[in-house]
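K.L.:
Curious how this folds, go ahead:
(chains A and B)
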Amino acid sequence: MSARIIATSTLALSLLLAVAGCSTDEPTGPGPLKATADGPKTGAWVGLEPRIENDKLVVDVVAHDVPELSGVAVRLEHPEWAKFEARDVGAGWDGEALHLVKVVGTREVSVVDTAKGDKAGRPGGAKVLVSTLRFKIEGAPTTGDLGALRIVPIRSELRDGTGKVIAASFAGARFSR
Amino acid sequence: MRMPTREEWYRLVEHERKEALREQTIARIVASRPRLPEGPKPPPERAGLDVVHRTMDIEVDPRNGAVTATLDLRISSVGRAISSLGLSMGKGLVVSSVDVAGAPATVAQRTSEGFVYYEAIFPAPVVVGRESLVRVKVAGTLDCAAADGPCTLQPDFARFTTGSIFPYVFDLENAARAFDGATTDLTLRVPEGMDTVVSAEVAGKRTENGKSVTEWKVPKDVNHSYGFYAFVGNLKRQAIDGRPVPTELVAPKDGSTADAKIAAWSKGALSFVEGMMGTNLPFANQALVRLPISMDDVGTVSYGMTLLNETYARAGEDVYHETWVHENAHLAWAIVVPEPEGYRTRMLTEGLATLTEVDFTKSLFPEEELDKYLARRYQSIRLDWLGKGGLEKLPPVVATESVAQKLTSSGTAGYAGWAYEKSAATLDHLRATIGDEAFASAMKEYVRLYAWKGASVDEFRAVMEKASGIDLKPVFDRWFTKTSRPTLTVGYRKTAAGGYEATIDKDDEDDLPLAFTVVDMNGERKPLKAVAKGTSTAIPLETTVGIYAVVPNPRLGILAKLASPVAGDVDFDGEADGKDLLACARAVGTKFTTTAAANPGLWNIESRFAVECDVDEDGDVDESDWTAITTAFGGKP
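P.N.:
Next up is the predicted model:
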């Protein structure tokens, strides 16, 4: 087997794992960093689908089995070695919707998307990409507890098209090597 | 849904205000009369005439207004001797004689400020502690032409109330300042075949000399100034099932569809009132009277009788239903437990009846959280008053007599705001402070202790204090006998030792009992009652998982402005976070809907206005409020 074929196979495996949202290897460091999503849960729920891309941790925030959404507030707790850099807003929002993100302390990010006034929210569905968050990986431990990604339920909320709070559960993700 | 109008709301208020104004007229008449040399200056409490019992034998023909009556008043005197009394009867009736203990009194007809009355000067004073019998002979032909008068000779549904065939008796030497209860026996003679319903217990029925004769009694002390009612004619009667005593809907036979509604609502309404009282209404029989729109009498309450004009059906079914409960609540909060300090407050009559009506409507929507429901109902009142300077600009709900008189004579709006709306909002603030269970328990005790005699404001407070174990003088001093809307800043913080404490900041040093909900990081909610002392108070909180929020009861946000120490933190969780934005985003562009004509505060039943998002408290959630909230959140797109 040539080196080129081996490289192609590795890339294909990495892509496969990334698409599956399961785990992948950290390209640098003493060992492969793996991120594994928790869940699934029943009913309406919000989960995290993490992946490692080079020196980045990329996390899709995905809502499952939800009606039309007029608002989403997610408070994400992350390991201190993951430094928040940016987020991409999920598609489908009205042009006047508000999208804000802020860092809270050293280990939390607060993300908000909401329709304003009587404007429509975004469509619901079985699987709705709410946000994609990008973190830079800096100094992840080589051994021991790597921490986790967790949605802080008490500071997170979904609202349906009428503005009512949706009874939803939340799932996080774990890291390992 | 049809929106109720302010005119409809004020019409009911105006009826009650007129009663209060009559007392003021009499007070002025009394004040203008020369004082008898032996009469000391009246004390602030009640003194003088005490009507103990009335025995009335009245013959009336509603077809032509012909009346013959003998009225026996057993009277006494309180605190000082009395030498006269005033008596008002219906237009067209003549008082032919007044005897006191068998000796004739000097009788003269007088008119003052348009109020016609008879003055009876006794042959000898009635001394303190002694009873005397006053016999009044009356005859004549009633003139019931006045649309808002005390009688209506409507065919088949004639109506007679106090000041028509029943006497309105008053002390000519001391303004009526307090509750004077009297028992009553009535013999009513009407043409044979005519039906009769009276606001009293049925005591007998016979035919005598071509007349239908009915006998009635009021065995308990009821304010003899209140409307005492009789309806005579071809009356519709419909039994209300499921009541512990015979209860009937009484109405004209005019085919109104309102009767079916009232019949359907009454069992629930009466049971609800009894639930608050902790006992059944103590009447041997009850009449629920639907007054026709053609009558100007809008409704009131009397012994075992509730009356409401069908005109309230025009205000929409919810309001009609709720107002029906209000009137029935007065069976408890006016008839069973009168209000002795009615000359300076209406809190224990109109305030409690208004509180009861709102509570009742809440009971129809069990899925809505109690605190949120009550907060939004009373916030509607506050918001309605924003345009008139704020609820806090009205006089205290327990005012001085002169302030109460001035307010009562100033017009309907102020009286409605003070007697009904602010009183009920203040009572609910008290209830939120001590807790719903303690308040409910106290109300049952209030009925038990003060039925048929009434409680002073201090006695009412004592009942509340006993039930709650909370010293409520600071609450009464701040919100009952004074008026203000202080800002209360409520939050929490971590202590240096790693624990948590709730914080309350305010602008003054006065103690202030308050009620909160403490939410921990697991979402567990626990009630907390605490007294804010001084301008800054810290209250240790017990937790093993950390505190998420310290939330003041939203019902406290009517008489106080509630704020978090963190700008943009509308839900009191200590941060301007995403949930605050979600709580307010949909409210942007909304406005509390009230107009000069429609949607009065108390009847703005459906309002869901997001007061917590109205940062500048101007009655709308506009871009400036939204900007304040989003700016506080910070962050970036």
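
K.L.:
For the stretch 451-600 of chain B, list the residues in contact with chain A, please.
P.N.:
Residues of the stretch 451-600 of chain B lying close to chain A by C-beta under 8 Å from any C-beta of the partner chain are B:519, B:521-523, B:548, B:573, B:575, B:577-579, B:581-582, B:585-586, B:588-590. Every C-beta, even on glycine, is put in place using the N, C-alpha and C of the backbone.

K.L.:
if you set the cut-off to 7 Å instead, what comes out?
P.N.:
B:M521, B:G523, B:Y548, B:D577, B:G578, B:K579, B:L581, B:L582, B:A585, B:R586, B:V588, B:G589 (C-beta under 7 Å from any C-beta of the partner chain).

K.L.:
I'd like to know which of those are buried.
P.N.:
Neighbour counting by 16 or more other C-beta atoms under 10 Å in any protein chain shown classes B:M521, B:Y548, B:D577, B:G578, B:K579, B:L581, B:L582, B:A585, B:R586, B:V588 among these as buried.

K.L.:
Pick the one among these closest to chain A.
P.N.:
Closest approach between those and chain A, by C-beta to the nearest C-beta: B:G578, at 2.8 Å.

K.L.:
Can you pull out the low-pLDDT segments for the chain?
P.N.:
I went with chain A, as the question did not name one. For chain A, the stretches with pLDDT under 70 are A:1-30.

K.L.:
Hmm, no, I was thinking of chain B.
P.N.:
Applying pLDDT under 70 to chain B flags residues B:1-2, B:34-46, B:176-177.

K.L.:
Chain A contacts on that one?
P.N.:
Checking chain B against chain A by C-beta under 7 Å from any C-beta, the hits are B:521, B:523, B:548, B:577-579, B:581-582, B:585-586, B:588-589, B:630, B:633-637.

K.L.:
Mind checking which of those are in strands?
P.N.:
B:Y548 (DSSP state E).

K.L.:
got the contact list for the closest residue to B:M443 other than its chain neighbours?
P.N.:
In space, and not counting its chain neighbours, B:M443 is closest to B:M276: 5.6 Å by C-beta to C-beta, 6 or more residues apart in numbering or on different chains. Listed by C-beta atoms under 7 Å, 6 or more residues apart in numbering or on different chains, the contact set of B:M276 reads B:A332, B:T356, B:M443.

K.L.:
Including neighbour count and secondary structure, could these go into CSV?
P.N.:
Below are the contacts of B:M276 laid out as CSV (neighbours: other C-beta atoms under 10 Å in any protein chain shown; DSSP: H, G, I helix; E, B strand; the rest coil):
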residue, neighbour count, secondary structure
B:A332, 26, helix
B:T356, 27, helix
B:M443, 26, helix
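
K.L.:
SS state for B:A146?
P.N.:
Per DSSP: H, G, I helix; E, B strand; the rest coil, the secondary structure class of B:A146 is coil.

K.L.:
just the one 10 residues further on next, same as before
P.N.:
In terms of secondary structure, B:D156 is coil; the call rests on three-state DSSP.

K.L.:
Burial check on residue 91, number of neighbours?
P.N.:
Since you didn't name a chain, this refers to chain A. Neighbour count for A:A91, taken as other C-beta atoms under 10 Å in any protein chain shown: 9.

K.L.:
Can you look at chain B instead?
P.N.:
19.

K.L.:
Against B:V134, how distant is B:S76?
P.N.:
From B:S76 across to B:V134, the span is 11 Å (C-beta to C-beta, to the nearest Å).

K.L.:
Which one's more surrounded, those two?
P.N.:
Neighbours were counted for B:S76 and for B:V134 using other C-beta under 10 Å; B:V134 has more, 22 against 18.

K.L.:
nearest residue to that one other than its sequence neighbours?
P.N.:
Excluding the flanking residues, the one nearest B:V134 by C-beta to C-beta, 6+ apart is B:L73, at 4.3 Å.

K.L.:
Return the residues in contact with the one you found.
P.N.:
Contacts for B:L73 were tallied using C-beta under 7 Å, 6+ apart; they are B:V51, B:R54, B:V134, B:V136, B:V169.

K.L.:
now, among those, which is nearest to B:V475?
P.N.:
For those, the residue nearest B:V475 by C-beta to C-beta is B:V51; the value is 36.1 Å.

K.L.:
Quick check: the closest one touching B:H224?
P.N.:
Yes: the pair B:V51 and B:H224 passes the contact test of C-beta atoms under 7 Å, sitting 5.0 Å apart.

K.L.:
How about stretch A:66-86 and chain B, any contact?
P.N.:
Yes: Stretch A:66-86 reaches chain B (C-beta under 7 Å from any C-beta) through A:S70, A:G71, A:A73, A:R75.

K.L.:
Using CSV, lay out those together with secondary structure.
P.N.:
Output for those, formatted as CSV (three-state DSSP):
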residue, secondary structure
A:S70, strand
A:G71, strand
A:A73, strand
A:R75, strand
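
K.L.:
would you list these in CSV and tack on distance to A:F135 and neighbour count?
P.N.:
Formatted as CSV, the residues of stretch A:66-86 next to chain B follow (distance: C-beta to C-beta, whole Å; neighbours: other C-beta atoms under 10 Å in any protein chain shown):
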residue, distance to A:F135, neighbour count
A:S70, 28, 28
A:G71, 24, 28
A:A73, 19, 23
A:R75, 15, 23
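
K.L.:
Among the residues of chain B next to chain A, which are located in helices?
P.N.:
Counting by DSSP state H, the residues of chain B next to chain A place B:G578, B:K579, B:L581, B:L582, B:A585, B:T630, B:F633 in helices.

K.L.:
will you turn the residues you listed into a markdown table that also has distance to B:G601?
P.N.:
Below are these laid out as a markdown table (distance: C-beta to C-beta, whole Å):
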| residue | distance to B:G601 |
| --- | --- |
| B:G578 | 33 |
| B:K579 | 29 |
| B:L581 | 29 |
| B:L582 | 28 |
| B:A585 | 26 |
| B:T630 | 30 |
| B:F633 | 32 |
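
K.L.:
Among those, which pair sits farthest apart?
P.N.:
Using C-beta to C-beta, those reach their maximum pairwise distance at B:K579 and B:T630, which is 13.4 Å.

K.L.:
Give the partner strands of the longest strand along chain A in its sheet and their orientations.
P.N.:
If you go by DSSP E, chain A has its longest strand at strand A:125-137. Looking at strand A:125-137 with DSSP bridges, its partner strands are strand A:56-66 (antiparallel), strand A:82-89 (antiparallel).

K.L.:
what's the neighbour count on the closest residue to B:G589 other than its chain neighbours?
P.N.:
Take B:G589 and drop its neighbours on the chain: the residue closest to it by C-beta to C-beta, 6+ apart is A:G117, 4.1 Å away. Residues near A:G117, counting by other C-beta under 10 Å, number 14.

K.L.:
which SS class is A:G117?
P.N.:
Reducing the assignment at A:G117 to three states with three-state DSSP gives coil.

K.L.:
In contact with it: list those residues for me.
P.N.:
Going by C-beta under 7 Å, 6+ apart, A:G117 touches B:R586, B:V588, B:G589.

K.L.:
Now distance to B:S212 too, for those, in JSON lines please.
P.N.:
Shown next, in JSON lines, are the contacts of A:G117 (distance: C-beta to C-beta, whole Å):
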{"residue": "B:R586", "distance to B:S212": "64"}
{"residue": "B:V588", "distance to B:S212": "67"}
{"residue": "B:G589", "distance to B:S212": "65"}
